[in-house]
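> what follows is a predicted protein model with its sequence.
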Amino acid sequence: MAGEKALLSVDAALVKILASVSAPVGSEDLPLADALGRTLAADVVARRTQPPVDVSAMDGYAVRAAELAAPGARLKLVGESAAGKGFDAALHANECVRIFTGAPVPTGADAILLQEDAVVEDGWLAAKAPPGPHIRTKGLDFIEGETALSAGTRFGPVELALAASTNTATVRVRRRPRVAIIASGDELAPPGSELGPAQIVSTNNFTTAALVTEAGGAPIDLGIFRDDLADLQRALGLARQAKADVILTLGGASVGERDLLRPALEKEGMTLDFWRIAMRPGKPLIFGSLGDALVLGLPGNPVAAFVCGLLFLKPLLRAMQGDPDADADRTEIVLLGSKLPANKARRDYLRARLNWNAEGQIVATPQPLQDSSLLTELVRSQALIVREIGEAAAEAGEPCRILRLREL
Ligand SMILES: Nc1nc2c(c(=O)[nH]1)N[C@H]1C(S)=C(S)[C@@H](COP(=O)(O)OP(=O)(O)OC[C@H]3O[C@@H](n4cnc5c(N)ncnc54)[C@H](O)[C@@H]3O)O[C@H]1N2
Ligand code: MOO
């Protein structure tokens, strides 16, 4: 383990990767319907007040609460206020108006009597129970001119809804960072091929293209290249032609004679920032720059490629789009489901199942097999248990740190 002590830590590697982003990528205007997953380049400022007037939160009757308080009180029903078409006069003494959810509250009314609590006979209203306020006051959600969403916010379903609600149809977002993906290995073939016994299907390009898309980037899958210096250099030329912001290489990153990516990158003029970090899986990570592009070289083992994609590629793409939380710690503490031995010289990311115990606490149980080639164990896992360098052996029931693999 002697050499591993000198390896860069995961945290230091992420700091270096994020520090390499000197400025966010450019921006473009998009219709809101196309903005899912994209990051705002400019604030969304409310173009109107919401709700624009006081509106009812319930179906019922708009009343003055004090007038219904007396025993036997009755109010005269004088009209109706519907969503989109209010009652355009004010309420006079002892009057009420039929009202529906979302409809403007007439001037003079201060409460809504629920329809379930109302008795209406011959145009007069009596109450079986007191009215409640049930009024959403003007501007309760936001006021015209307020910043509803700040630059750097990523559009998920609810951010789209809020932007729409401010009456914004077009938003200025960061363009998608272009990520050229280069798979390398003589053994690799695309799915659906006639495979020889020594061949395997290339999977990492699917994993990483999906991670790129999830992070708001544009994957450019350049295909599979041979373990051959000239072929790898050709791949890097294609990546540069494609004006990639990030060149993502898969495999060939380790120490074997056929691990030629680093030599090919160096031949093409890459400035190496670091190679190899203190994590498992994922030790042979490469990071550097080549021309205007950043270079991230992920290890070939499928689980290593995925975990490194999650920990380094996604934050990098978020930082390139101006997300101020790109480096946020997304780990959480839960309980360990089975005992673990002491950890050694690399931070370990163990695939684990999550479930609830009888007390409703979340328990993470490591999968029995942790080989970094096993995709089945990855698909069966909901989290990675993070074990620090040198962490002592742990018993079931002790706290442990996890990173969720799936959103709730
Ligand atoms: N002597 C040493 N051997 C290895 C070390 C080491 O430090 N010393 N590191 C090990 C670790 S950790 C890993 S991870 C692997 C990574 O090596 P490479 O990045 O050079 O990857 P390859 O050798 O090209 O492939 C490893 C493995 O993954 C499969 N692979 C590659 N690309 C793909 C792909 N696109 N889709 C699916 N599977 C892929 C490949 O067939 C190999 O089985 O090195 C260890 N060795
Ligand atoms: O990163 Mo490797 O996958 O530790 O085997």
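Cool, the structure landed. Because the structure is predicted, anything quoted here is derived from the model rather than measured. Numbers count the residues shown, from 1 in each chain. Ligands and ions are numbered 1, 2, ... in the order given.

> just the helices in the stretch 1-150 of the chain please.
Using DSSP state H, counting those that start in this stretch, the helices assigned to the stretch 1-150 of the chain run over residues 10-19, 65-69.

> show residues contacting the helix ranked longest in the chain.
In the chain, with assignment by DSSP state H, the single longest helix is helix 229-241. Identification of contacts with helix 229-241 by CB atoms under 8 Å, 6 or more residues apart in numbering yields 180, 182, 184, 220, 222, 225-226, 247, 252, 260-261, 263-265, 267-268, 290-291, 293. To be clear about C-beta, it is placed using only N, CA and C from the backbone, and glycine gets the same treatment.

> how close does residue 137 get to residue 106?
Relative to residue 106, residue 137 is positioned 14 Å away (CB to CB, to the nearest Å).

> neighbour count: those two, which is higher?
Legend: neighbour count by other CB atoms under 10 Å for residue 137 and residue 106, higher for residue 106 (24 against 11).

> which residues touch the more buried one?
62, 79, 81, 86, 87, 89, 90, 91, 97, 99.

> cutoff 10 Å now
Counting by CB atoms under 10 Å, 6 or more residues apart in numbering, residue 106 makes contact with 54, 56, 62-63, 78-81, 86-91, 95-97, 99.

> also residue 84?
The neighbourhood of residue 84, defined by CB under 10 Å, 6+ apart, consists of 100, 102, 103, 104.

> is it possible to get TSV of the residues you listed that adds neighbour count and distance to residue 344?
TSV is the format used below for the contacts of residue 84 (neighbours: other CB atoms under 10 Å; distance: CB to CB, whole Å):
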residue	neighbour count	distance to residue 344
100	17	67
102	16	61
103	23	67
104	24	68
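
> backbone dihedrals for residue 212, both of them.
phi -60, psi -50 (degrees, to the nearest 10).

> surely it touches residue 314?
Yes. Applying CB atoms under 10 Å, one finds residue 212 in contact with residue 314, separated by 8.4 Å.

> still on that earlier bit, inside helices: which ones of the contacts of helix 229-241?
261, 263, 264, 265, 267.

> what's the closest of those residues to ligand 1?
For those, the residue nearest ligand 1 by CB to the nearest ligand atom is residue 261; the value is 7.4 Å.

> how about that closest one: what's its closest non-neighbour residue?
With CB to CB, 6 or more residues apart in numbering as the criterion, residue 261 has its nearest non-adjacent residue at 3.8 Å, and that residue is residue 252.

> pretty sure the one you found is touching residue 263, no?
Yes. If you go by CB under 10 Å, residue 252 and residue 263 touch, sitting 9.3 Å apart.

> and the protein, which residues reach ligand 2?
Selection of the chain residues close to ligand 2 by CB under 6 Å from any ligand atom yields 280, 281, 282, 283, 299, 301, 304, 372.

> okay, now residue 328: neighbour count?
Residue 328 has 10 nearby residues by other CB under 10 Å.

> what sits against the residue in the stretch 251-400 of the chain that ligand 1 sits nearest to?
The stretch 251-400 of the chain approaches ligand 1 most closely through residue 300 (2.5 Å), counting by CB to the nearest ligand atom. By CB under 10 Å, 6+ apart, the contact list for residue 300 reads 183-185, 187-188, 202, 204, 249-254, 259, 261, 284, 372-373.
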